[in-house]
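1. following is a predicted model, sequence given first.
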Amino acid sequence: MGVLLCVLWASTAWGQEPKVDERLHSKDAAVVRAAVGDVIAGADRAEPLSLMLAAARQFELGDAEQAVFWFYAGQLRARYTPELAGDKSQLVTISTMTLGEGINAHAMKDIVRMLETLAKVMRWDEKTYETWARAHTLDPLSDELLKRRSEAREGLVVFATDLKKNRARYEKQAREYKSPEQLQREAEENVKRNYTTAPLDRVIGGRPLRIPANYVTAQGLTARPVEKTSELTTTMFLPDLQGYTLENWRNLSGNKSLMSVRLRADSGPKPEELIEAFIATEPPTTQAFGLTAYQFDAKLTKARLPLQGYSVNYVVVGQRPDGVPTYMICDAPEPQVTKSSPRCEMFVTDPATGLRVHARFHQDHARQWQKIQARLGDVLKSWILAP
């Protein structure tokens, strides 16, 4: 729940004092329980997302049935609150997804009870609507507000009808649901049980390699010991290019040290030919990462790069010790576009194995790309299986 919900609360809790915010996010169960009680005591006047958050914390404390009721009460009211219209409507979606996963899984194990709860929510909304509206200086007879409320209530009816019609499917999904915490525990148990650095034999495009299992998967004992394939993706961690350990396999999406390395046979279309064709158009150059780079913009050139989904890039050219060119392509800044994890991609044909190498890593390591390439060459050379 963490940082995302803290930001969400700070952005939307226009009817709550900061003290309630801090208490609902406390790690002290007694403090949280008291804060939940305070929010629910004033539920008929509460800000909807605050009520949803309080319900989520109530669920964590073990009061599941009441949590389901208050979560859906808050969600219904959130869908017609003027403060959460337009661009801010995404806050309702985010809150529903981040807070409601476990609550929904619990509620939908028994659709009959769930339908009864939704009916109670509708009656509660009818009873407290005017009080809530006036508490937030809204006109309960406003045509616009009444229209938004009617649409929200109709949406809940449609949802209830779908639950009733597809009861078996929803209940089955709920029974099979596993919380993020459960999935994490299972993953940790599986890695602990199956981790190994024992070698796996892989024949990639006819080239036999003997690769430590922890470069292929964190659960090496589950991998086939011998396999033929046209390409293989391995995982390494910068700066030392080690494989998975019993620790680094966690939180891969935010790990700036992660490098994905795809190996494939030297056949078919060559990435370097596309890159050289672009360079032949004499594009403008600039400085990036302390290096001279060609500027690529798909809107300004008919040339293409061996990437998908990129429109603005830096293209850097280097050389191996034997004089063979190597290439790095990195995300370039774009106006009004935020790239949360900018990447660089490196293309080279490895001299020892004869395989094409496509490595992808975080831009923080762009200045060291030639060192990474050299070290990667040493790693691949150590994997060659002698005839």
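-> Perfect, I can see it now. Numbering: from 1, shown residues only.
2. okay, the helix or strand hosting residue 344 in PDB with CA atoms only?
-> Applying DSSP states H and E as the criterion places residue 344 in strand 343-349. This file holds the C-alpha atoms of strand 343-349, laid out as PDB (Å, rounded to 0.1, in the frame of the first residue of the first chain):
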ATOM      1  CA  ARG A 343      17.100   2.400 -21.400                       C
ATOM      2  CA  CYS A 344      20.000   1.700 -23.700                       C
ATOM      3  CA  GLU A 345      20.300  -1.200 -26.100                       C
ATOM      4  CA  MET A 346      23.600  -2.600 -27.300                       C
ATOM      5  CA  PHE A 347      24.100  -4.500 -30.500                       C
ATOM      6  CA  VAL A 348      27.200  -6.500 -31.300                       C
ATOM      7  CA  THR A 349      28.300  -9.800 -32.900                       C
END
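3. show residues contacting it.
-> 266, 271-272, 275, 306-307, 320, 324, 326-331, 355-363, 365-366, 369, 372-373 (Cβ atoms under 8 Å, 6 or more residues apart in numbering). All C-beta spots, glycine's among them, are computed from the backbone N, C-alpha and C.
4. ChimeraX command to pick out the buried ones of these?
-> Applying 16 or more other Cβ atoms under 10 Å to the contacts of strand 343-349, the buried members can be selected in ChimeraX as follows:
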select :271,272,275,306,307,320,326,327,328,329,330,331,355,356,357,358,359,360,361,362,363,365,366,369,372,373
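5. so which of the contacts of strand 343-349 belong to helices?
-> With DSSP state H as the criterion, helices contain 271, 272, 275, 369, 372, 373 from among the contacts of strand 343-349.
6. so for this protein, the centremost residue is which one?
-> For the chain, the residue lying nearest the average C-alpha position, counting by Cα atoms, centre = their mean, turns out to be residue 253 (7.0 Å).
7. domains of the chain?
-> The chain resolves into domains spanning 2-177, 194-382 when parsed by automatic domain parsing.
8. for the ones you listed, give me CSV that also has mean pLDDT and distance to residue 185.
-> Shown next, in CSV, are the domains of the chain (pLDDT from 0 to 100; distance: least, Cβ to Cβ, whole Å):
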stretch, mean pLDDT, distance to residue 185
domain 2-177, 87, 15
domain 194-382, 92, 12
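9. tell me which of the ones you listed sits nearest to residue 183.
-> Relative to residue 183, the nearest member of the domains of the chain by Cβ to Cβ is domain 2-177, separated by 10.1 Å.
10. pull the distance from that closest one to the chain's centre.
-> Centroid separation for domain 2-177 versus its chain: 24 Å, with Cα atoms, centre = their mean, to the nearest Å.
11. now stretch 307-321
-> 25 Å.
12. can you pull the buried residues of that stretch?
-> 307, 310, 312, 313, 314, 315, 316, 317, 320.
13. ok, residues contacting that stretch?
-> Contact with stretch 307-321 is made by 275, 278-279, 283, 286, 288-289, 291-299, 305, 325-334, 345, 348, 351, 369-370, 373, as judged by Cβ under 8 Å, 6+ apart.
14. same question, stretch 165-180
-> With Cβ under 8 Å, 6+ apart as the criterion, stretch 165-180 contacts 101, 102, 104, 105, 106, 107, 108, 109, 110, 111, 163, 186.
15. among those, which pair sits farthest apart?
-> Using Cβ to Cβ, the pair of those lying farthest apart is 163 and 186, separated by 28.4 Å.
16. more neighbours: those two, which one.
-> Per other Cβ atoms under 10 Å, whichever of residue 163 and residue 186 has more neighbours is residue 163, with 19 against 11.
17. ok, the more buried one to residue 122 distance?
-> 14 Å (Cβ to Cβ, to the nearest Å).
18. which stretches of this structure form strands?
-> Secondary structure of the chain, counting by DSSP state E: strands at 199-204, 207-212, 226-229, 231-237, 258-264, 285-288, 291-297, 312-319, 325-331, 343-349, 356-362.
19. buried set for the third one?
-> Taking 16+ other Cβ under 10 Å as the neighbour-count basis, strand 226-229 is seen to contain no buried residue.
20. elements contacting that strand?
-> strand 199-204 (3 or more Cβ pairs under 8 Å, 6 or more residues apart in numbering; DSSP states H and E).
21. which neighbours does the strand it packs on have in its sheet, and in what orientation?
-> strand 207-212 (antiparallel), strand 226-229 (parallel) (DSSP bridges).
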